[in-house]
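Colleague: here is my input; please provide its structure:
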Amino acid sequence: MLSDNRELIRKVINTYPEVFESLLEFERTKKIPKLYRRKRINLTIDENILREFKAYSRKNNINMSRFIEEKMLNALKDRKSSGN
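Modeller: Coordinates of the predicted model:
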């Protein structure tokens, strides 16, 4: 039974390492850090597509960053489900 729990614990830690890193940070600083941080990135995109997408986003009240993030997550999920 003990070995089953150890395997489960390892699986959870490997699945959510940021949570355990935050707990370690809390132990050191006694402050609760943000679990999920956002990171600014630079991309090169065709000007015409960007202009059109910005207009589309404004018109439909879409947050461009969240939209791109969602598409990235979908690509990762598709990759995992296809086994690549």
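Colleague: so the nearest residue in space to Tyr56 that is not next to it in sequence: helix, strand or coil?
Modeller: Sequence neighbours aside, Ile62 is the residue nearest to Tyr56 in space, at 7.3 Å (criterion: Cβ to Cβ, 6 or more residues apart in numbering). All C-beta spots, glycine's among them, are computed from the backbone N, C-alpha and C. Ile62 carries the three-state label coil when classified by DSSP: H, G, I helix; E, B strand; the rest coil.
Colleague: what's the burial count for Ile62?
Modeller: Each residue near Ile62 was counted by other Cβ atoms under 10 Å, and the total is 13.
Colleague: also Met64?
Modeller: Met64 is flanked by 13 other residues according to other Cβ under 10 Å.
Colleague: where does the chain have low pLDDT?
Modeller: For the chain, the stretches with pLDDT under 70 are 1-3, 35-36, 84.
Colleague: for it, just list every one of the helices.
Modeller: Taking DSSP state H as the criterion, the chain carries its helices at 2-15, 17-29, 47-59, 64-82.
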